[in-house]
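Colleague: next come a sequence and a model predicted from it.
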Amino acid sequence: MRGGTSGAADAVAPPTPSPYLLPGQPDPGSAPLRLFCFHHAGGAASSFADWQPRLGRSVAVVPIQLPGREHRAREPRLHDFGRLLDELDEALDPLMNQPYALYGHSMGGLIAYELTRRRLARGRPLPKQLLVGACPPPHAPRAETAPEQLSDDELTAWMTGLGGIPELVLRYPDWLRLAVALLRDDLRLVHSRLGPGEEPAVGHPPLSVPIQVLAGAGDLLVTPRLAEEWARHTTADCRVFTLPGGHFFHRSSPAIVLRLLSSLLTAGGAVRL
């Protein structure tokens, strides 16, 4: 005969949530599709704060938070792209046992792409779609002068020209200093993706995952023409959608972006802008 307390003793505690997920992240189990979202350099998971209400119940939005910002502000920021992939693969694998897609903006697009390649190499379930916004194709050469080697003033001017630093931040020197430090560390992370002398992903076999590319009509960093070169990285469908705005079109035209994403994710590929 069992004792009255054995049930409590036999209970298994739920796993500790990953710090890569937001505190209080809703259980995505009831949605038909999970959308993991990776933010841009210098950004944070709050970039996707309004996405869940606009995408509805058919898509569970799962923003990914890199260390060193917002609720992870006390953690050291990563400078090793390989280590980031290791941690993401381990943290997100339990949630990728159901249909899912990936969206990454700028730096986040490269993270999403490389994570897909990592999962392919490990024989793990792949995303139904890989969606990237304002992200250069993986084979694009790195700039001869890396932005993270610029002075704070030069880096501020570069990012401001892309529309990446809000006007409010520019008014407060302390806020601006923190924003530039975060951006510099994220750019170091991006450039650690390739080792010294290593060529970009020219010879990597293409994925079998459909790739949907979002490009800003006025983006000076990733032009729609450059975005078309993502096609060489998949044997499946690859489409480029040119949207109004510059590099941060997901901020300036959120309704258009989310209407397009909703169509791509839930309408069987029928596009509605």
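Modeller: Nice, thanks for sending it over.

Colleague: if I pick the residue lying closest to residue 70 once chain neighbours are set aside, what's in contact with it?
Modeller: Taking Cβ to Cβ, 6 or more residues apart in numbering as the measure, residue 70 lies nearest to residue 44, with 4.7 Å between them; neighbours along the chain are not counted. For glycine as for every other residue, the C-beta is placed from the backbone atoms N, C-alpha and C. Residue 44 makes contacts with 65, 66, 69, 70, as judged by Cβ atoms under 8 Å, 6 or more residues apart in numbering.

Colleague: and the gap between residue 44 and residue 69?
Modeller: For residue 44, the distance to residue 69 (Cβ to Cβ, to the nearest Å) stands at 4 Å.

Colleague: what do you get for residue 162?
Modeller: From residue 162 over to residue 69 the distance is 19 Å, taken as Cβ to Cβ.

Colleague: show the subsequent helix or strand relative to the lowest-mean-pLDDT helix or strand in the chain.
Modeller: One helix or strand of the chain scores below all others by mean pLDDT, DSSP states H and E: helix 6-10, with a mean of 38. Next along the chain after helix 6-10, taking DSSP states H and E as the criterion, comes strand 33-38.

Colleague: after that next one, next one along is what?
Modeller: Using DSSP H and E, the next helix or strand after strand 33-38 towards the C-terminus is helix 51-55.

Colleague: pLDDT score assigned to residue 13?
Modeller: According to the prediction, residue 13 has pLDDT 36.

Colleague: A helix includes residue 61, no?
Modeller: No: the assignment for residue 61, made by DSSP: H, G, I helix; E, B strand; the rest coil, is strand rather than a helix.

Colleague: what about it, neighbour count?
Modeller: By other Cβ atoms under 10 Å, the residues close to residue 61 number 23.

Colleague: same check, this time on residue 36
Modeller: Close neighbours of residue 36, defined as other Cβ under 10 Å, add up to 27.

Colleague: so residue 238 sits against residue 231, correct?
Modeller: Yes: counting by Cβ atoms under 8 Å, residue 231 is a contact partner of residue 238 at 4.2 Å.

Colleague: higher neighbour count, those two?
Modeller: In this comparison of residue 238 against residue 231, neighbours counted by other Cβ under 10 Å, the higher total goes to residue 238 at 21 against 15.

Colleague: who's in contact with residue 120?
Modeller: By Cβ under 8 Å, 6+ apart, the residues touching residue 120 are 126, 207.

Colleague: work out for me the element it sits within.
Modeller: For residue 120, the enclosing helix or strand under DSSP H and E is helix 107-122.

Colleague: and that helix, which residues are buried?
Modeller: Judged by neighbour count using 16 or more other Cβ atoms under 10 Å, the buried positions of helix 107-122 are 107, 108, 109, 110, 111, 112, 113, 114, 115, 116, 117, 119.

Colleague: and if you look at stretch 174-182?
Modeller: Under the neighbour-count criterion of 16+ other Cβ under 10 Å, stretch 174-182 has 176, 179, 180, 182 buried.

Colleague: out of those, which one sits closest to residue 91?
Modeller: For those, the closest approach to residue 91 (Cβ to Cβ) belongs to residue 182, at 20.9 Å.

Colleague: pretty sure the closest one sits against residue 42.
Modeller: Yes: contact between residue 182 and residue 42 holds when scored by Cβ under 8 Å: they sit 5.3 Å apart.

Colleague: okay, now the unreliable bits of the chain?
Modeller: Residues of the chain meeting the criterion pLDDT under 70: 1-16, 142-145, 147-148, 195-203, 267-273.
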